[in-house]
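Engineer: show me how the following folds:
(chains A and B)
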Amino acid sequence: MQKLHFVEHLYKLFLAKVHKGAYFPSIMDDKIAINIDRASKHFYPAKADPVVAVDNISLQIRKGEIFGLLGPNGAGKTTTLRMISTVLKPTSGDISVAGFDTVSHSDDVRRMLGFLSGNTGLYKNLTAREMVEFFGRLYGMTESELAERTDRIFDFLDMKEFANTRCDALSSGTVQKVNIARTVVHDPPILVFDEPTVGLDVMVARTLINFINNLRDSGKTVIFSTHIMREAERLCDRIGIIHKGRILAVGTLQELLDMTSTDNLEDAFFVIAEPEKIEL
Amino acid sequence: MKSRNVLTIFKKQIIELLRDKRTVFVIFILPILLYPIMVVGFAQLSIFLFSKMAEETFLVVVENERYAPELAGLVTADSQFAITDPDEPDSALQRGLIELIVSIPEGFEGKLARGESDTLRMQFNGAKERSGLALDRMRILVRDYGNGIVAQRIQDAGLDTSIIKPVVEDTRNVASEKKMGGMLFGRILALIVVLMVLTGAYYPSVDMVAGEKERGTLETLLVSPVGRMEIVIGKYLTVFVLALVNALLNLASMGLTIGVGLNAMAGNEIMSKLAFSIDIGTLLIILLVLIPLAALFSAVFLAISAYANSYKEAQGYLTPVVLMGQLPAMAALLPGMEITMGTALVPVMNVALLFKAMMIGEFDFLLILAVWLSTAIYAAIGLKWATSILSNEEALLSEVKTTPLSGFFERKKKSTPVREAGAGDALLLFAVVIALMVFIGVPLQAKDVFTGLIVTELGLIALPPLLMSKRLNLNYRKVFRLKKPNFIALVLTGLLAVSGAVLISQIQTIIFKLTGMPVEYFQMFAEMLDKIKAFGIVPAFLVIGFLPAICEEILFRGYILDGLNRRWGAVAGIVVSGILFGAFHLDPHRMIPATLLGIMFGAVVWRRKSIYYGMFGHLVNNSLALGAFIFAKAPMEDIQSTDFAPLWQIALGIIVFALSLYFLWSDKFLRNDTDDRVLQNSNSSVTDR
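Structural biologist: This next block holds a predicted model:
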């Protein structure tokens, strides 16, 4: 295993030379959508001690799966997803998305991604349609492509009547729909959701969960973070348990339950995350 | 960088801002309304005030009217005076019920008729403005009355009136009406145009970075495939264009108001004095200069806005910056401030001064170019700053805190490790001390020199650095270099201070020879020293020699030197702390000598790692100056003498200075000193923690 890692690393270095910084793990394995290789992120706040938000994690997310990143607040979920979406650069380690390195080819990575988080906002003075179209243009879509795509999405999400309403006049449920529309406007193969249901009422949260389920059916890869066990149980093909910046376990729901000899994800989580407390 | 993305972002920002009522008001409506209201309002107000003044009637009591029927007749005939006769005129004047009491002495007009003179007493109430106006008016009346009598007497003597007025003045004003109007309005308008560019840039820059951070829209933008530079340039362009549009509308509105509004009122006698015109050429040049100014403000505001995590926070950071930006613009209002090659280098002020000159029709191509270029260079530096901050990933995400000066506002917990104060903290404290000196110290000293000086030294100079280091939980021993001095090194410092004082006074002499002797300054200085001398030798020594040596060293060779050294290294730290020490004396004539002294003490304190050398040297220097003044036979002449010291003194000074500096620097000579002190110092700093 160790040896394989070394060989893989050499190969990666070789490819990096050949392709000017980008390397293509997909050449080796076209089933991997996101490859996180020993990535860490440290923050250096002005006055406090340095914070290790993500500590040397390695993770592979396969094409077409829904992967759940489960952990409490402050576990490093958001930082991990921000590194995947190129907003933050890893302090050390490498991350590639669809074969593109997140640091050297960040533009290509962002083109492959749709990113939605609980706190991504809308431009209050733009209408729902303008908002979606603005991002479509940034993704390089032509005007005709954009018009057709926007119509389809608004139709699908049942939000045609709000298309020309300014975002600051929308209800919270519709706001989240506009956010979803914005995320998928360029039809990205990979979607990143950072605690997407935080602060949503039950109805809207359910719509969103159903929407994510639909994405799997259309062959998209989804990575999403949550601290809600039931969401992870319902949606995920595989779950990674993250705590204090480290990935402690990865597997399907059944694998995690077997591993910990428990019958629900919540118990399994505590056995994995804080074994010392369970023993007491 | 793709221009298509920049354009998409730019367009979106503009649409957003155009749909915002506040922006539309500030940028489009306000300039259109402001100038007509201001100019017309100002004109109406002054017409109103002038006419009100002309209509005013003052209540006057004329006592013993019967002795001066002719004068009383003149007063009665004047429409501005109404003669009244209250029961108690004195108290009525006190209470402001009447404006003036004119008391005519017995046989007044009879005396005058006989060719004698007499006194006319006029009582007024200086606390009432109207009473003062009444007095002025009455004096004119009495003067004319007196002149009439003089003319009569000259005529009676068979002479011509030219005998008392041999010289006839004929004054002619060469300034055109345009220039005179420009003088008045130009100053205000120059200021307003600059301020409007400032306001034009303010709101969009707050909204587009800090506001978007707060609303979570900036992160959305960061995960779309646009480059950081594309975002920064898109936003920068928006602020820049809005600031410029704002300026353009201001100019257009100003031009129209002045062209149409003012000249329409030119028929009015008062308004014709204010009327002036601006031609299209002037407006175009003003616009040309506004371009780099708008670019400068946009860059600075965007950069500062990036530090804030919310709209409110950004306003908190930007408001002081806006106020600071207004100060140089307001300098254009000061009389005597004019655009020169020197002032052309001062950002913001240069633009306001140039506009002021152009309003009165003065053009100098070279100056316009200088102002344009220097502003463009500042704008480029500002843009570089803005892009470097805005492309910092941590500044763009609201969770990561990066606040300027945050150490000052947030209290540290005792348990946290000792923080080190940096150059920013040192400069901030210096600014605070200067403000305290100007607003508290100087007025106190004007009231009472002795206690004023004591309060200033202890409370305004020594206390702030001590409080600050307590607040930041600093290691006192390290910051203030509290290390026991070595006796030999102290003697050497004394020699250095004496010889240094001799040499520095020669430099002072050179400066005076170059700049000329400021006689008034010496008189002021002498008066102050005389006051101090009056305290007696010991108290004078206390406030001039002892206290400054302790307190000023705590601030400059303690807190400030330590903070500057930490970030800028030894040489820059010592030099800058010396310059600050020079500036601290708030006295242009003492600036250079004090700076040199500051550098000298700073170097010794840094090298020998103990503040006590600075204190001792300072004490020697100040005592020397005080002693020279107290014991000299003719102190003022001594101080003012433009002669150099005798050559042997200078030569001896150089030799002593060089030798004492050499021995103070040499580690071989003072080896024991450094070795064991370093050990003790490190021990104590461990226990401090």
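Engineer: before we move on, what SS does residue B:102 have?
Structural biologist: Assigned by DSSP: H, G, I helix; E, B strand; the rest coil, the conformation of residue B:102 is strand.
Engineer: please disregard the earlier target; I meant residue A:158.
Structural biologist: Judged by three-state DSSP, the three-state class of residue A:158 is coil.
Engineer: gap between it and chain B?
Structural biologist: Relative to chain B, residue A:158 is positioned 22 Å away (C-beta to the nearest C-beta, to the nearest Å). Where you see a C-beta, it was placed from the backbone N, CA and C, and this is true even at glycine.
Engineer: tally of neighbours for that residue?
Structural biologist: Residue A:158 is flanked by 10 other residues according to other C-beta atoms under 10 Å in any protein chain shown.
Engineer: can you tell me how far it sits from residue A:223?
Structural biologist: Applying C-beta to C-beta, to the nearest Å, the value for residue A:158 to residue A:223 is 26 Å.
Engineer: ok, residue A:77 next?
Structural biologist: Residue A:77 sits 10 Å away from residue A:223, taking C-beta to C-beta as the criterion.
Engineer: one more: residue B:388?
Structural biologist: Using C-beta to C-beta, residue B:388 is found at 32 Å from residue A:223.
Engineer: and the two? which has more neighbours close in?
Structural biologist: The neighbour count for residue B:388 versus residue A:223, taken as other C-beta under 10 Å, is higher for residue A:223 (26 against 13).
Engineer: off-centre distance for stretch B:73-91?
Structural biologist: 48 Å (C-alpha atoms, centre = their mean, to the nearest Å).
Engineer: stretch B:98-106 now?
Structural biologist: Relative to its chain's centre, stretch B:98-106 lies at 46 Å (C-alpha atoms, centre = their mean).
Engineer: would you mind listing what in the stretch 151-300 of chain B touches chain A?
Structural biologist: B:212, B:215-217, B:219-227 (C-beta under 8 Å from any C-beta of the partner chain).
Engineer: in TSV, list the residues you listed along with pLDDT and neighbour count.
Structural biologist: What follows is these, written out as TSV (pLDDT from 0 to 100; neighbours: other C-beta atoms under 10 Å in any protein chain shown):
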residue	pLDDT	neighbour count
B:212	86	24
B:215	83	22
B:216	81	16
B:217	85	21
B:219	82	22
B:220	84	24
B:221	86	22
B:222	84	22
B:223	84	24
B:224	85	25
B:225	85	21
B:226	86	24
B:227	82	16
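Engineer: can I get those residues in CSV with distance to residue B:77?
Structural biologist: Converted to CSV, those look like this (distance: C-beta to C-beta, whole Å):
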residue, distance to residue B:77
B:212, 74
B:215, 75
B:216, 80
B:217, 77
B:219, 83
B:220, 82
B:221, 80
B:222, 84
B:223, 87
B:224, 86
B:225, 89
B:226, 83
B:227, 85
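Engineer: so for the lengthiest strand in chain B, mean pLDDT?
Structural biologist: Criterion DSSP state E: the longest strand present in chain B is strand B:58-63. Strand B:58-63 shows a mean pLDDT of 89.
Engineer: list the buried residues for the helix or strand that that strand is followed by?
Structural biologist: Once the chain leaves strand B:58-63, the next helix or strand it forms, by DSSP states H and E, is helix B:69-77. Under the neighbour-count criterion of 16 or more other C-beta atoms under 10 Å in any protein chain shown, helix B:69-77 has B:71-72, B:74-75 buried.
Engineer: could you check how far the closest residue to chain A within the stretch 101-250 of chain B is from residue B:15?
Structural biologist: Closest to chain A within the stretch 101-250 of chain B is residue B:216: 3.4 Å, counting by C-beta to the nearest C-beta. When distance is defined by C-beta to C-beta, residue B:216 is 19 Å away from residue B:15.
Engineer: send the alpha carbons of the longest strand of chain B over as CSV?
Structural biologist: What follows is strand B:58-63 as a C-alpha-only set of coordinates in CSV (Å, rounded to 0.1, in the frame of the first residue of the first chain):
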residue,chain,number,x,y,z
PHE,B,58,-31.5,101.0,17.6
LEU,B,59,-32.9,102.4,20.8
VAL,B,60,-30.7,105.3,22.1
VAL,B,61,-30.9,107.4,25.2
VAL,B,62,-29.4,110.9,24.7
GLU,B,63,-28.8,112.4,28.2
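Engineer: check which residues of it are buried.
Structural biologist: Buried, per 16+ other C-beta under 10 Å, within strand B:58-63: B:58-62.
Engineer: just how off-centre is it within its chain?
Structural biologist: Distance of strand B:58-63 from its chain centroid, counting by C-alpha atoms, centre = their mean, is 46 Å.
Engineer: now do stretch B:195-207
Structural biologist: For stretch B:195-207 - counting by C-alpha atoms, centre = their mean - the centre lies 24 Å from the chain centre.
Engineer: next one: stretch B:194-212
Structural biologist: In terms of C-alpha atoms, centre = their mean, the centre of stretch B:194-212 is set 25 Å apart from its chain centre.
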